[in-house]
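Enquirer: have a look at this prediction, sequence included:
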Amino acid sequence: MTRLKKYSALAIVMAVLTTGACQQAVDTTTSDGIDTAKTSKYLSQPLISSIYTADPSAHVFEGKIYIYPSHDIETGTPENDNGDHFDMRDYHVLSMDSVNGKVTDHGVALSVKDIPWAGRQLWAPDAAFKNGNYYLYFPVKDKNDVFRIGVATSNNPAGPFKPEPSPIAGSYSIDPAVFTDDDGTSYMYYGGIWGGQLQRWSNGKYDANGSKTDSGKENEPALTAKVAKMSGDMLSFDGPVKDVIILDRDGKPLLTKDYDRRFFEGSWMHKYNGKYYFTYSTGDTHFLASAIADNPYGPFTYQGTIMEPVQGWTTHHSILEIKGKWYLFYHDTQLANKTHLRNIKVTELTHRPDGTIEVITPIRK
Ligand code: FUB
């Protein structure tokens, strides 16, 4: 058996046999004692193989690493540009004591059937902690097939979470990421084009017959992610929704046709050395990118790619400091090699002395 075939066989056996709620990050050692992780073409190995997971939003809560991923499943829904094949129905929260430690799957934390206003497709969530409560933020299509952002609460970071009866007023589109600044103010960054429907919103109104993509306006400023300050109780927006403007180094907004750099989906915010790092996916060009500002609203100045394309169509990440080191949580399709059946991973991230982020190459060349 070749090394690659042995690895695939091992991955399949692991996927079939691993049904427990707690597992070490996927075991990559063959029966001959060869650690395939070291020779694998992939930079990192899946954190869990008993379920498919994607869009990992990672946080440190109560001294542990908690990950809030999407839970990918096979429903047989055909693939299209709307992302209908991402037909997820619940969330599982995962936790680890350390980056290389055992991964605990805490089971179903929230299910689409328990969200009174929801229709279908539970996409990339995020979580936050304030005033003794945990908040799970999630995008899901409402009963009219329009993406909205909801919030659910718990007194435990692993859930279960109880959803609020309605979506967050004024919210739309997908991929919420909630960042709390040093002064305690929290902000939600969100939005996604194409299947995320951002291109169908203008002046607070949804156009059900609007374009399916961002094409047709190539020379105009690209659509932007959105940012809203959160209310003290973390259940609503406090004030107007603003555009997350990304400028090039000449101070001009990125244009729609700038496909390698323009915002597509998957917002994240972290603060490093007093600067605000807005990071995001460029979607159909498959990069993760960063843009930096002096305040949480921007405008942000584009800095560069932070991760080259992974295996799979989507790319989605979070960035977290753990015990003085920085990590990027991401996903690819190593286990299933199917666009909609993904697996989460983690790797170290380095801020260069000039403040930019070192480019991560997820597939070894
Ligand atoms: O997981 C469904 C969608 O795919 C997410 O919301 C996007 O960010 C992309 O990863």
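Expert: Received, thanks. All values derive from a computational prediction rather than experimental measurement.

Enquirer: going by C-alpha atoms from here, please, whenever you check contacts or count neighbours.
Expert: OK.

Enquirer: what does the pLDDT read for whatever residue of the stretch 251-365 of the chain ends up closest to the ligand?
Expert: With Cα to the nearest ligand atom, the shortest gap between the stretch 251-365 of the chain and the ligand falls at G266, namely 4.5 Å. Note for G266: predicted pLDDT of 98.

Enquirer: now G204
Expert: 84.

Enquirer: which one is it nearest to, not counting chain neighbours?
Expert: Distance criterion Cα to Cα, 6 or more residues apart in numbering; nearest residue to G204, sequence neighbours excluded, is G170 at 7.7 Å.

Enquirer: identify the residues contacting the residue nearest to the spatial centre of the chain.
Expert: The residue lying closest to the centre of the chain (Cα atoms, centre = their mean) is D55, at 3.4 Å. Residues near D55 by Cα atoms under 8 Å, 6 or more residues apart in numbering: 68-70, 124-125, 266, 315-317, 330-331, 344.

Enquirer: any idea which helix or strand carries it?
Expert: Element membership for D55, per DSSP states H and E: strand 52-61.

Enquirer: send me that strand as CSV with only the CA atoms.
Expert: Listed next in CSV are the C-alpha coordinates belonging to strand 52-61 (Å, rounded to 0.1, in the frame of the first residue of the first chain):
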residue,chain,number,x,y,z
TYR,A,52,-18.2,17.0,9.8
THR,A,53,-17.5,20.5,11.0
ALA,A,54,-16.8,23.9,9.4
ASP,A,55,-16.6,27.7,10.0
PRO,A,56,-14.9,27.4,13.5
SER,A,57,-15.3,30.4,15.8
ALA,A,58,-13.0,29.8,18.7
HIS,A,59,-12.9,31.5,22.1
VAL,A,60,-11.3,30.9,25.5
PHE,A,61,-14.1,30.6,28.1
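
Enquirer: so which residues on the stretch 201-350 of the chain come close to the ligand?
Expert: Residues of the stretch 201-350 of the chain lying close to the ligand by Cα under 6 Å from any ligand atom are 265-266, 314-316.

Enquirer: what is the burial count for the spatially closest residue to T285 that is not a sequence neighbour?
Expert: Distances taken as Cα to Cα, 6+ apart place D260 nearest to T285, at 5.7 Å, with adjacent residues excluded. For D260, the count of nearby residues is 19 (other Cα atoms under 10 Å).

Enquirer: please name the residues that touch K257.
Expert: Taking Cα under 8 Å, 6+ apart, one finds 217-219, 222 in contact with K257.

Enquirer: and if we set it to 10 Å?
Expert: Listed by Cα atoms under 10 Å, 6 or more residues apart in numbering, the contact set of K257 reads 214-222.

Enquirer: which one of the residues you listed is nearest the ligand?
Expert: Of the contacts of K257, the one sitting nearest to the ligand (Cα to the nearest ligand atom) turns out to be D214, at 15.9 Å.

Enquirer: wasn't that closest one part of a helix?
Expert: No: according to DSSP: H, G, I helix; E, B strand; the rest coil, D214 belongs to no helix; its state is coil.

Enquirer: okay, now R200: neighbour count?
Expert: Neighbours of R200 (other Cα under 10 Å): 21.

Enquirer: give me phi/psi at it?
Expert: phi -90, psi 0 (degrees, to the nearest 10).

Enquirer: hang on, isn't it packed against D207?
Expert: Yes: counting by Cα atoms under 10 Å, D207 is a contact partner of R200 at 5.2 Å.

Enquirer: follow-up on the earlier one: and the contacts of K257 as a markdown table, adding pLDDT, neighbour count and distance to S98?
Expert: What follows is the contacts of K257, written out as a markdown table (pLDDT from 0 to 100; neighbours: other Cα atoms under 10 Å; distance: Cα to Cα, whole Å):
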| residue | pLDDT | neighbour count | distance to S98 |
| --- | --- | --- | --- |
| D214 | 90 | 18 | 40 |
| S215 | 90 | 12 | 43 |
| G216 | 90 | 10 | 47 |
| K217 | 91 | 12 | 46 |
| E218 | 96 | 13 | 45 |
| N219 | 97 | 12 | 46 |
| E220 | 97 | 12 | 45 |
| P221 | 97 | 18 | 42 |
| A222 | 98 | 23 | 39 |
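
Enquirer: possible to save these as CSV with distance to V146?
Expert: Below are these laid out as CSV (distance: Cα to Cα, whole Å):
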residue, distance to V146
D214, 17
S215, 20
G216, 22
K217, 23
E218, 25
N219, 27
E220, 25
P221, 24
A222, 22
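
Enquirer: any low-confidence regions in the stretch 151-300 of the chain?
Expert: Counting by pLDDT under 70, the stretch 151-300 of the chain contains no low-confidence segment.

Enquirer: residue ranges for the strands of it, please.
Expert: 162-163, 177-180, 186-190, 201-202, 205-206, 225-229, 242-244, 246-247, 265-272, 275-281, 288-293, 300-307 (DSSP state E, counting those that start in this stretch).

Enquirer: and the ones you listed as a markdown table, adding mean neighbour count?
Expert: Shown next, in a markdown table, are those (neighbours: other Cα atoms under 10 Å):
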| stretch | mean neighbour count |
| --- | --- |
| strand 162-163 | 20 |
| strand 177-180 | 24 |
| strand 186-190 | 24 |
| strand 201-202 | 12 |
| strand 205-206 | 12 |
| strand 225-229 | 24 |
| strand 242-244 | 17 |
| strand 246-247 | 26 |
| strand 265-272 | 23 |
| strand 275-281 | 25 |
| strand 288-293 | 25 |
| strand 300-307 | 22 |
